[in-house]
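>>> what follows is a predicted protein model with its sequence.
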Amino acid sequence: MEPIIRIQNLNKFYGTKHVLKDISIDIEPGQVIGYIGPNGAGKSTTVKILAGLLADFTGDVFVKGIDIRKDPVAVKSLIGFVPELAELYDVLTPNEFLSLMGSLYNLPEEVVTERAGKMLDAFGLSGNMNQRMDTFSKGMKQKVLITSGLLHNPEIIILDEPLSGLDANSVIIVKELIDKLAKGGKTIFYSSHMMDVVEKVSNRIILIDKGEVVADGSIDELRQLQNKESLEDIFAGLTSTESMHEASEKLLNAFD
Amino acid sequence: MNFIDKFFLWLVLLPASLYRSLGVDIVQLRAILSTKLTMDNRRPASFGGNRRKKEKKEVNGATLKTIFSSLIMGLLMLFAFAVGNGMLTKLSLFMTMFIFMVCLTLITDFTSVLIDIRDNLIILPKPVSDATFMTARLLHIGIRTSIIVLPLSLPALVVATIMQGPLVILPFVLMILLMTLLSIFFINAVYLLILKITTPAKFQNIIGSIQIGFVMIMMLAYQVLPRMVNSSLMQHININEIPFVQFVPSFWFADGCMALSDGGFTLGSMVSLALSIVVPLLSIWVVVRFFAPSFNQKLGMITGGTTEQSTVTTKPDADVRTNRGGKSIWQRLAGWLTKPGLERAGFLFAAQMSTRSRDFKLRVYPAFGSIIIITLIPLIQNNVFSHVNFANPKMVWVFLLVIYLCCMPLGSALFQVAYSDKFKASWVFFVTPLDKPGLLISGTAKFMLLFFVVPLVTVLSLLGTVLLGLASLPNLLLAFLNALTIGSLLSYIMIRRLPFSIALSATQQGNAFVRIMLLLIFPGTVGVIHWLISGFQWAIWFWIILSTIALWLIFDEIKKRGWKSLT
């Protein structure tokens, strides 16, 4: 099968800082990619490149065979993006914000109204649709953001830490939603710190550290490779130079 | 920390043994106070002007800026001493302005001082005694107030001393102190009132609107006060001739101050003096006894309880609430004026953001108001309006002139529309398949014209037609269309970024000169040509057609804009 996302020799510099080093990943349709790595590993940069927010990289990124630099607009219409930090025009109401997003995705007004209503209702926000978001909690904003990313029924969904601020019930909803979307043939690129969730929702885990892919496979493959049970331990084994015990020991020693 | 903060810190910590006897931990007190003063120094100054530097540059020296702008206001208030008949009138006028200014300044300033929810998270979990905490808070409020009140009253004190002799100094200082207490009472009362009639979540918004109004009043005062000095009415005003003046607090203070300084006690001045002392003390007692307890209780809700509150209420916000047919006024207008899709989205986005975003309003509304005033003042001063004789057909020129002048404030609004403190939220334009940003911009431009030009110009044109008769209609119609065409051309030139998508920064001032020249030259040139051909009826009608076509063509060009043409 032809990969739906093909990343080849992707390099990205911030000034002289080499953030992404020769990353190559092929993603098949229907896969749920768990994209993990420590702080500053280059996760967000990869996500930004895939979402079309950064264009000054070297290497190639193809989405459904389209070069993201040649036709970013075509690629963007295939992708639904849920960003990490809930930066929103929060003087708008969810209804107004989603109708703006719908227009940006070239959806007819009636479709937006109907879908937005249904999706917000599912998240329990039907009573807040006409309230300004400046009074919303982080979780409520996140729900609006998730809705905005799925509004145009995209083939590829990029989620950057989508569960931040959500309450336990909403986390369950979103996890199941990811599962169902994947079963329905959607490709999901899930970037996160939360190991337990990544372990559960994704069928392929890509671990990056210092701009390089250090592990790539299903959770079972990674377990065998590292001979460790939980993703947390695998993560620690692959990304840290000194043991965590040493670090905690050092912290305690500060009192001496 | 700067020397002023250091001085105040030293000053308030002088009675250390007194504090100690009250159970205050001096080390903690000093630590809390110096941290608070450092934070104040890094917050945008209270006179609203420095907000734009927030994103890029670290705010520093905010305290000095506050002092400086208070001093400027203090100098401006010397206006009171230049008008009026007699010292009592001058003082009453000054004291009215003083109370007004202190209230307005502190009301916006105190939100951050009083309502610092971080106190609950940072100080309260630490082993800090109540006495220490309360003393720190009181001293902080005292220092904040002094920083505004001292420079505000200093110029007046100097002038009053020059006019009345040194005997006025002590009574004056006493009255300033008492007035400040009264102002604190007013502010507390307003806070409580706002909290009573609205949710804590909206509190900050209301304070924000007060701030916008405050900046507008400042602009207005700055323009109007110096010019009023020369008016004969102001020169001969006498406070004693105003009925019921005895009921105005600032009159008590002025009367009391005069009585104390020249010893001219009469029954009236005794009553004034008594009132000026008793009322502030009584009101501050009310604040401490009754306001403070319920106040502190509600303060916690302002920032703490917002999220829980909003999940409970399901009532839509007032201006979002839809009327007949389930559409808001802007949606209706958008339906008439824009094509569905991106253009309509741009129109609605601009409408929603610019009518609600506090930060946009704060940047545009005061400037908008002041430009209108600046343009009108020369007309008033030169007595243009007193010569108005509606029988004279040439009078159409007054209307045409004002209509053309209306293009100027639009320019400043257009320039600001790309900036927002929520610029980070503009990712929505970059992750979506937006291939024609021009449509979004044309929607925005249509809104800006509709909101900032059309109402004013329509009223002027209608008024002109009614007052001057149908004969002036072609000229007014042409001016109306030209205003729109100029506005659209300005939109084409000035909106070079997506709306509300870039950070506010100092660099935005860069092209101010070019901008002002454009704003002067366009409407000016068009106006002059209009004047030259106004005698030829056929030329006017011809131009009306041309102008309509130009309007249409310009918007067509705006719509065609691609990503490359955005800087």
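Great, that's in hand. Here the structure is a predicted model, which means the values were calculated and not measured.

>>> so what's residue A:67 up against?
A:60-61 (CB atoms under 8 Å, 6 or more residues apart in numbering or on different chains). C-betas here are computed from N, CA, C, even on glycine.

>>> let's see that with 7 Å instead.
residue A:60 (CB atoms under 7 Å, 6 or more residues apart in numbering or on different chains).

>>> which SSE is the residue most central in space within chain A in?
What sits nearest the mean C-alpha location of chain A, by CA atoms, centre = their mean, is residue A:159, with 2.4 Å. Element membership for residue A:159 (DSSP states H and E) is strand A:156-160.

>>> buried sites along whichever helix or strand comes after that strand?
Next helix or strand after strand A:156-160 toward the C-terminus (DSSP H and E): helix A:168-183. Buried residues in helix A:168-183, counted by 16 or more other CB atoms under 10 Å in any protein chain shown: A:170, A:173-174, A:177-178, A:181-182.

>>> just the CA trace of the helix or strand following helix A:168-183, in CSV.
Using DSSP H and E, the helix or strand that follows helix A:168-183 in sequence is strand A:187-191. Output of strand A:187-191 as CSV, limited to C-alpha atoms (Å, rounded to 0.1, in the frame of the first residue of the first chain):
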residue,chain,number,x,y,z
THR,A,187,-4.8,8.0,9.9
ILE,A,188,-3.9,9.5,13.3
PHE,A,189,-0.7,11.1,14.3
TYR,A,190,-0.7,11.4,18.0
SER,A,191,2.1,13.4,19.7
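
>>> could you name the helices and strands sitting against strand A:187-191?
Judged by 3 or more CB pairs under 7 Å, 6 or more residues apart in numbering or on different chains; DSSP states H and E, strand A:187-191 is in contact with strand A:32-36, helix A:43-50, strand A:156-160, helix A:168-183.

>>> let's have those in CSV, adding distance to residue B:468 and mean pLDDT.
Putting those into CSV (distance: least, CB to CB, whole Å; pLDDT from 0 to 100) gives the following:
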stretch, distance to residue B:468, mean pLDDT
strand A:32-36, 71, 93
helix A:43-50, 60, 91
strand A:156-160, 63, 93
helix A:168-183, 65, 89
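
>>> the residue nearest to the centre of chain A pairs with what?
Using DSSP bridges, the bridge partners assigned to residue A:159 are residue A:82, residue A:190.

>>> quick check, it in contact with residue A:187.
No - the pair residue A:159 / residue A:187 is not scored as a contact, 11.4 Å apart, by CB atoms under 7 Å.

>>> which of the helices and strands packed on strand A:187-191 sits closest to residue B:411?
For those, the distance to residue B:411 is smallest for helix A:43-50, at 35.3 Å, taking CB to CB.

>>> what sits up against the next helix or strand after that closest one?
Next helix or strand after helix A:43-50 toward the C-terminus (DSSP H and E): strand A:58-63. Strand A:58-63 is contacted by residues A:4-11, A:49-50, A:67-68, A:75, A:78, A:156 when judged by CB under 7 Å, 6+ apart.

>>> what about strand A:58-63, average pLDDT?
Mean pLDDT, strand A:58-63: 93.

>>> can you tell me the strand partners of it and which way each runs?
Here, using DSSP bridges, strand A:58-63 pairs with strand A:5-14 (antiparallel), strand A:66-67 (antiparallel).

>>> deepest in the core, which of these is it.
With neighbours defined as mean count of other CB atoms under 10 Å in any protein chain shown, those peak in mean count at strand A:5-14, which reaches a mean of 17.

>>> as CSV, could you dump the C-alpha coordinates of the helix or strand that it is followed by?
Helices and strands here follow DSSP H and E; after strand A:5-14, the next one along the chain is strand A:17-27. The C-alpha coordinates for strand A:17-27 follow below in CSV (Å, rounded to 0.1, in the frame of the first residue of the first chain):
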residue,chain,number,x,y,z
LYS,A,17,20.4,24.5,16.2
HIS,A,18,19.8,21.2,14.4
VAL,A,19,16.4,20.2,15.6
LEU,A,20,15.4,17.4,13.3
LYS,A,21,18.1,15.1,12.0
ASP,A,22,17.4,13.2,8.8
ILE,A,23,14.0,11.9,9.9
SER,A,24,12.4,9.4,7.5
ILE,A,25,9.0,7.9,8.3
ASP,A,26,6.3,6.2,6.1
ILE,A,27,2.9,6.1,7.6
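
>>> all good on my end, thank you.
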